[in-house]
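Undergrad: output the structure for:
(chains A, B and C)
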Amino acid sequence: MAKQYWLMKSEPDAFGIDDLQRVKREPWTGVRNFQARNFMRDGMKVGDDVLFYHSNATPPGVAGLARIVTAGVVDETQFDPNSQYYDPKAKRAAPTWICVEVEFVKKFTQVLSLDELRADPRLEDILVTKRGSRLSVQPVSAPHYKVIVELAAASRATPPTPAKKAKR
DNA sequence: GCCAACGTTGGC
DNA sequence: GCCAACGTTGGC
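TA: Residues are numbered from 1 along each chain as shown, chains lettered A, B, ... in the order given. Predicted coordinates:
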C-alpha cells in the first residue's frame, strides 16, 4: 500500500517535539481510545509520515514531523500497575493496546498553529480543525499533509523568531 | 478554570 | 441494547 499520513497529538508538557528530538525514537504508549488504537494497529505502516501535534499548548498546532519506524508495538504501560495507563483487563497473550514507534524527523522553527490551519481553505475538511475532535491519532490525506508542510515552510521564512538554537 | 464534545461504563 | 451518568480531552 502507498505511504499514508497521520496526525498524532501529544501534550508538550508530557512529551513534545523537543523530547522526541532528544530521544530520537519513542513508542507511542498511553493511547486508550479504541479508534486511535485501531489506526495505530491496523493502519500504520513503517515509513508512514506523521504530523506531530501539540495539544493543550500555547498555541496548539503542528510542531514538527515524525515517521513510523516500528509497527505493531505492544504498549507495555498496560501491564505496569504503577503506570497511569495500567489496564487491569489487558492480557499478555492478547494485548489490548498496540502502538507504534515513531522517530524524529524535524522540528518546525515555529509551531504551525491551529489558527493557521483553520485559516487555510484547503484544510477546511481536515479532522483536527473540527470542533470537538478529540481523536489523538488521526489519518491525514496526502494533499492535506502536503499543504501543512508547505505552510510550515512558508511561516518559517517570514518571522525572525529563533526561540532556541538547536544544539549540536 | 470553564465547558462543549464525545467516548465509556453500568444499571436496567 | 438503551441511555444516563460519568470521565476525559482539549480549545479557549
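Undergrad: and the pLDDT at A:Ile126?
TA: Looking at A:Ile126, its pLDDT stands at 85.
Undergrad: with adjacent residues omitted, what lies nearest to it?
TA: Excluding its sequence neighbours, the residue lying closest to A:Ile126 (CB to CB, 6 or more residues apart in numbering) is A:His144, at 5.0 Å. Every C-beta, even on glycine, is put in place using the N, C-alpha and C of the backbone.
Undergrad: please list the residues of chain A that sit near DNA strand C.
TA: A:9, A:11, A:32, A:55-57, A:60, A:114-115, A:133-136 (CB under 7 Å from any atom of the strand).
Undergrad: so where do the strands sit in chain A?
TA: Applying DSSP state E to chain A gives strands spanning A:5-10, A:25-27, A:49-54, A:61-74, A:98-113, A:137-140.
Undergrad: next up, the contacts around the closest residue to DNA strand C within chain A.
TA: Of all residues in chain A, A:Pro60 sits closest to DNA strand C, at 3.5 Å by CB to the nearest atom of the strand. With contact set as CB atoms under 8 Å, 6 or more residues apart in numbering, A:Pro60 has these partners: A:Tyr53, A:His54, A:Ser113, A:Leu114.
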